[in-house]
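Chemist: no sequence for this one, just the structure:
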Ligand code: BES
Ligand code: ZN
Ligand code: ZN
C-alpha cells in the first residue's frame, strides 16, 4: 500500500470515512470535496442511525451519484486507544472488495495526530497476504492500493512523517511474515542464511556473517550441532550487524530459528505438526527487525543473531539421554529432543554475550506450548534478569499493541534445571508444571557476566509461541505468521 498525505481536498477513488460512534452527521471539514449526492446519502444514514459506527463495523455505499464510500466505525471517542485506531484502520483493508477499486481517499477531520497515525499504520499492516505458491488466474490483480489521506493542513506534516515510518517498519513486518509463512521444504537453515547474505549485499551498512555447520562444530557449538545434525539440511548461525562502524555496546537480538520442529527422536504427535514450520519465527522477527531498521534509516549499531536448525529424527539425530557440551563449556543432559529451542539458543546467547559487545540481549523464541497455556494468543511471555529492560520492553509492546507480559524467573526454576545427575544443566524440567518458566530459567544459564563483574549482561526472553501465528484476535493479520515484535523492538531501539 502506498500512502500519500494530500494537502488538497480532492477525492480519488473510494472515500473512506472514519466515524466516532453515534455520529449524527459528518464532522465539519470532512464533507469538503465530497459530492452532493454522496454527502446527502451519508448524512441520511447517520441521522437515521443506520450506521452506528461501533468499533469493528464498516459499511460500503455504492451506486450513489458522487462516488463510492466506505464508512468505518471507530467506537466511542472517549474509549479510543492507539490499538483501537489501528484495528479500525485494519478494518478498512480487510473490508476492501473489487468494487472499492485500488484507489482510496481517507478523510480525517478533528482527530488527534497519534490516532490518525495509528489508523494509517493499521491500514498498512493489514495489507499483506502470502500467495507466493498460488497459481495466479487471469483476472488476478496485483496492483498496489494507493491510499490518499487528508486532514487539517497544520497536521499534515506530522501525519506524513508517521506514515513514512509506518511504511518503512511494515517492510520488516512483511519480511518476517514471508519468512514465517514460507514452507519448510524451501525455508531451511542455509536458505535463510542465503537470503540474509543477499540482504547484506544489498545494503552498505549491513554486514552478514554465517557460521556454517563445520565452523559451528569446530567452535564447539554443541547445542546448535546437536539439534541440527539429524537433518540432511545442516544448521548454521547467522549474525547481522547494522552500522558496524558505530561504537558499541549495542542492542543484540537473538532468534530461535527451527525451520521445522518434528520433535526429533522425542517425536511430536501428527495433528497440526505442519504448524511447526513457524518454529523459526524468532529468527524471522530478528531478520524482519534488521530490515525495518535499515528501511527507517536507523543510524546506530544493532546486532541480530539467528540460530538455525531443522529438528529431525534420523540415525544421526541426538537421543534423549545424550550429554552435549555447549559453546559456553557447560554440559547439558538432553532429556527430551523436543526441547530443542533452548539448546540452539544456549549457543546463540553465549556467543552474543562473549563476542558481540551487547548493551543488552533480547531473545525471541516459539519456545514452549506451556506459554500458550499460560497466556493464550493474547500476549508473549516476558522474562528478564533486569527490571529496567523488562519495563522498557513491556512499555514498547503496549505502545505497539504487541503485549509482552511479565513472567517470573524464580530461583527454584533455575535449581530445577541445574540439578541433572550427570551434567551441568538439564533441558527438561523435573515435572511439567511451569514449563515456560523452567525454559526461561534454562536460558538464563547461558547469559555471560558483564566484563569481570559477577553480574549478568541485561537480558530478556520473549516466548512468542502463542503470538507468532494463529492469533485470531490479532486484527493486523488475516492468517499465518504475524511478524510479532518487529514493531515492538523497532520502537524500543529507535524510539520511533
Ligand atoms: N516449538 C515447540 C514449542 C511450541 C509448541 C510452540 C506448540 C508453539 C506451539 C518447542 O520446541 C517444544 O516442542 N517445546 C516442548 C518443550 C517440552 C518438551 C519441555 C513443549 O512445549 O511441549
Ligand atoms: Zn520442540
Ligand atoms: Zn521448537
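Modeler: Now that the structure is in, tell me what you want to look at. This is a predicted model, so every value here is computed, not measured. Ligands and ions are numbered 1, 2, ... in the order given.
Chemist: Could you report the neighbour count for the nearest residue to residue 295 once chain neighbours are set aside?
Modeler: Closest residue to residue 295 apart from its sequence neighbours, by C-beta to C-beta, 6 or more residues apart in numbering: residue 168 at 3.9 Å. C-betas here are computed from N, CA, C, even on glycine. Residue 168: 19 surrounding residues under other C-beta atoms under 10 Å.
Chemist: Likewise for the one 5 residues further on?
Modeler: The local packing of residue 173 (other C-beta under 10 Å) involves 28 other residues.
Chemist: The stretch 51-200 of the chain: strands as residue ranges?
Modeler: Under the criterion DSSP state E, counting those that start in this stretch, strands of the stretch 51-200 of the chain are mapped to 58-61, 69-73, 103-107, 146-150.
Chemist: Who are the contact partners of the residue nearest to residue 213 when sequence neighbours are not counted?
Modeler: Distances taken as C-beta to C-beta, 6+ apart place residue 234 nearest to residue 213, at 3.8 Å, with adjacent residues excluded. Residue 234 sits next to 189-190, 212-213, 228 when contact means C-beta atoms under 8 Å, 6 or more residues apart in numbering.
Chemist: Just the ones of the residues you listed in helices?
Modeler: Among the contacts of residue 234, DSSP state H puts 189-190, 213, 228 in helices.
Chemist: rewinding a little: could you pick out the buried ones from the contacts of residue 234?
Modeler: 189-190, 213, 228 (16 or more other C-beta atoms under 10 Å).
Chemist: element containing the residue of the chain found nearest ligand 2?
Modeler: Relative to ligand 2, the nearest point of the chain is residue 338 (3.8 Å; C-beta to the ion). With secondary structure defined by DSSP states H and E, residue 338 is part of neither a helix nor a strand.
Chemist: Compute the number of surrounding residues for it.
Modeler: Applying other C-beta under 10 Å, we find 19 residues neighbouring residue 338.
Chemist: Which pLDDT value belongs to it?
Modeler: We have a pLDDT of 98 for residue 338.
Chemist: from memory residue 464 sits against residue 481, does it?
Modeler: No - between residue 464 and residue 481 there is no contact under C-beta atoms under 8 Å: 10.6 Å.
Chemist: which neighbours do those two share?
Modeler: residue 281.
Chemist: Write out the residues of this structure neighbouring ligand 1.
Modeler: 261, 279, 336, 338-341, 366-370, 372, 428, 435, 465 (C-beta under 6 Å from any ligand atom).
Chemist: Now flag whichever of those is closest to residue 51.
Modeler: Of all those, residue 51 sits closest to residue 372, with 37.6 Å by C-beta to C-beta.
Chemist: give the contact list for that closest one.
Modeler: With C-beta under 8 Å, 6+ apart, residue 372 has these contacts: 465-466.
Chemist: Likewise for residue 280?
Modeler: So residue 280 contacts 179-180, 187, 192, 255-259, 308 (C-beta under 8 Å, 6+ apart).
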